[in-house]
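Peer 1: Sharing a model that was predicted from the sequence below.
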Amino acid sequence: MVVSPVSGPVVVRVDHVTKKFTVRKDNSLKERIVHAGRRGRAHKQEYTAVDGVDLEIHAGTTVGLLGPNGSGKSTLLKLIGGIVSPTSGSVLTRGRMAALLELGAGFHPDLSGRENVFLNASIMGMTPAETTARFDEILEFSGIGDFIDTQVKFYSSGMFVRLAFAVAVHTDPDVLLVDEVLAVGDEAFQRKCMERIQRFRSEGRTIVLVSHSASQVQELCDRGIVLKDGAVVFDGDVNDAVSALRDVLEGRRVGDTAAHDSGKPIEITRIEVLDAGGTARDVVPAGSPMRVRIHVQAKQAQPTWDMGFSIDTPTGQMVLASNTERLEVALPALAAGESSIDFTIESANFGPGQYFVNANVWPGVPEQTHVMWQGTRFTMEHDDTSIGTVAASISVA
Amino acid sequence: MDTTDRFARIAETPFTTSNARGLKFPGRGGKVREVFDRRDLLGLLVRRDLQARYRDSVLGFLWTLIRPLVQFLMYYLVLGQFLRAAEGIPQFAIFLFAGLTIYSFFAEMVQGSTTSILSNAGLVKKIYLPREIFPLASVGAAGFMFLVQVLVLLGGAIVFQALPAPVEMLWFFPSVALILVYGLALGILLSALNVYLRDVQYVTDVVIMLAMWLSPIVYAWTMVSDAFQTLGLPAWAIEVYTDNPITLAVLGFRKAFWGAGTDADYPDNLLLRIVIAGIIGVILLVISHRVFTRLQGNFAQEM
């Protein structure tokens, strides 16, 4: 991605920041009294969400915060936004800051769209006069039309998000904090958000983005920061950050269930993604043939057995699944010990992004099924000619 | 705006610091100035509270008046007529309504503020705002309802020709200022405590209900001083009762609208008492804001 030619002044400085939370399991007076004293300590738990983080963000950069769930990236964003105060250390910020609220969190259902626009804009620091001046622009961007004077509770969720986003991007922020909100709305709307963020970048605004989607971060950001257990494990070029994130996730997520013995007669030990030539691949170009190789271990020989696989998006949506029953293929008798089976997909046409591969195996009786979730991961690559959940080559006549 | 202009402007902006003691803007004035800078938002939040309250109800805004009027009628009939509290109190209707008006202002300030942070959880968790703005908006909404009731009270007092001399009506200001200071101090403190301990809002409801009987609202101050004498209580007992800031505010407010009272109906040095209670109230307000600032750092996590 293009790095801004001018390196701007520092807008955010995070200085040895640590944030600890006390988690209480009792939230009422009665429970507090009952658990007072020594037993009370058992109902308190302290954990460190952000642990001694140092950062500097320069104006005009787009920074992606990456990390697995619970790594502290959302807490760090909240610390930058002043929503929570650090336990120790300090956060220094300057310039006008706006946060993309989750699904219009500042909206009141009983007020009309128009009233909510003024309220929400004011929450983000605009004066009523500024809002009035930009109202037509906001209305046009949202595409709400005549519904603007209807109470917001009658809006569809799509209209709700569009209006919330329209307000947020018209508040002229110097620093924009974005927390996962780009994951909502349809693809067209997501594109609109992306274009807006690209425009913000070209206008020298600073964006700090929290996302689970590595591809989104790669597309938008010029700097990536990877967090693990509250500490920064990588800070630098976004492409290197994404591979650092993979390493972190690899240790945590992929093959999570591989280690322990399930007690099933046949177990899956490993899943691989290969190209047509039989070489293991992390990245598969759309439209090319791919093979899913599933390694199994049998405790004893099995005369009949079946096997299946499925491919999911990171959000858990299944994009493709099949098994030997559906394919009406009888697998050859399985000998005790290790062996493997390949499923070949002639032409994999998934939309660009990350996918996880799951597999299951069962010896005649489905009760004995062994499943390996997220046994491996691959990235589907596609040219920029189309977007969406499937890839295809399109021509115009 | 051009990138270089933006950078130049940012480079000259001082930093806002957020540390264990909360968030601090550069420059003087602290939170008061910060809230003052967001007064447009405060106004919108008050309007939102009021607009949303009676949306979709047929009578709408009339409910602001129906509730206190029904409450007033209940006390007027049951206490005033059936239990004969009205005997010996001229213009009992105005006497009673004045007391109820200022007390319900206090009650609404405290009850509204107590739940204000929690009911704005969506905002508190997602964006930085000076959080004081939420209890303040509740106080603002309560203040609006109060002003509507004051207009009704004024109308009633004119109709019944109960108003005192115009100069006496200046008592309105010290008494309202006093109740405002205490309402704010309690509201800000309780709004923060309620985030951590949800029982606070229920305890508040009960205490507010009880506290009404601790002040001469539906009965006269003289009845209490007489009763204390009959019971042979020491002199400081009536002083303690009288110097309750709510009692002082009720007495002062009544002086402004209820012309039938004589000097015997009020304790000595009422203004001095109000001023002293006011000074203590301001100190309490500062302390309660300190506590609020300490507690607010974890609001987003506790909701």
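Peer 2: Sure, I can see it.

Peer 1: Neighbours of B:L59, how many?
Peer 2: B:L59 sits with 10 neighbouring residues when counted by other CB atoms under 10 Å in any protein chain shown. Every C-beta, even on glycine, is put in place using the N, C-alpha and C of the backbone.

Peer 1: how deep is the closest residue to it other than its chain neighbours tucked in, by neighbour count?
Peer 2: With sequence-adjacent residues excluded and distances taken as CB to CB, 6 or more residues apart in numbering or on different chains, B:L59 is closest to B:I66, at 7.0 Å. Using other CB under 10 Å, B:I66 is surrounded by 10 other residues.

Peer 1: Could you do B:S288 as well?
Peer 2: With other CB under 10 Å as criterion, B:S288 counts 20.

Peer 1: Now do B:T3: how many residues are near it, please.
Peer 2: Per other CB under 10 Å, the neighbour tally for B:T3 reads 17.

Peer 1: which residues touch residue 109?
Peer 2: The chain I'm using is chain A. Residues near A:P109 by CB atoms under 8 Å, 6 or more residues apart in numbering or on different chains: A:151-153.

Peer 1: nope, chain B
Peer 2: Here B:M109 is in contact with B:138-139, B:142-143, B:179-180, B:183-184, B:186-187 (criterion: CB under 8 Å, 6+ apart).

Peer 1: Could you give the average pLDDT over stretch B:163-175?
Peer 2: For stretch B:163-175, mean pLDDT is 92.

Peer 1: Return the residues in contact with A:D275.
Peer 2: A:281, A:284, A:288-291.

Peer 1: Quickly list what it is bridged to.
Peer 2: A:M290 (DSSP bridges).

Peer 1: What distance do you get for it to chain B?
Peer 2: Separation of A:D275 from chain B (CB to the nearest CB, to the nearest Å): 44 Å.

Peer 1: Need the pLDDT of that residue.
Peer 2: pLDDT recorded at A:D275 is 89.

Peer 1: Where does the stretch 201-350 of chain A get nearest to chain B, which residue?
Peer 2: Nearest residue of the stretch 201-350 of chain A to chain B: A:G204, at 3.2 Å (CB to the nearest CB).

Peer 1: neighbours around that residue, how many?
Peer 2: 21.

Peer 1: nearest spatial neighbour of it, skipping sequence neighbours?
Peer 2: B:T3 (3.2 Å).

Peer 1: Let me know the pLDDT of the one you found.
Peer 2: Value for B:T3, per-residue pLDDT: 77.

Peer 1: try A:H43
Peer 2: 63.

Peer 1: Which of the three states applies to B:Y241?
Peer 2: The three-state label given to B:Y241 by DSSP: H, G, I helix; E, B strand; the rest coil is helix.

Peer 1: nope, B:A256 is what I was after
Peer 2: Criterion first, three-state DSSP; result for B:A256: helix.

Peer 1: can you list the domains in chain A?
Peer 2: A:10-252, A:266-381 (automatic domain parsing).

Peer 1: if you compare these, which one is most tucked away?
Peer 2: Most buried of these, by mean neighbour count (mean count of other CB atoms under 10 Å in any protein chain shown): domain A:10-252, with a mean of 19.

Peer 1: in chain B, which spans are helices?
Peer 2: Assigned by DSSP state H, the helices in chain B fall at B:3-12, B:30-37, B:39-53, B:63-75, B:92-119, B:121-126, B:133-159, B:172-196, B:199-211, B:221-230, B:235-242, B:245-257, B:270-296, B:299-302.

Peer 1: To A:S90, which of those lies closest?
Peer 2: helix B:270-296 (15.5 Å; CB to CB).

Peer 1: show me where pLDDT drops low in chain B?
Peer 2: Scanning chain B with the threshold set as pLDDT under 70 gives B:1, B:27-29.

Peer 1: Please read the previous query as pertaining to the stretch 201-350 of chain A.
Peer 2: For the stretch 201-350 of chain A, the stretches with pLDDT under 70 are A:250-262, A:315-316.

Peer 1: Next to chain A, which bits of the stretch 101-250 of chain B? Give me the list.
Peer 2: B:122-129, B:197-199, B:203 (CB under 8 Å from any CB of the partner chain).

Peer 1: Repeat the analysis, applying 7 Å as the threshold.
Peer 2: Listed as neighbours of chain A in the stretch 101-250 of chain B under the rule CB under 7 Å from any CB of the partner chain: B:122-123, B:125-129, B:197-199.
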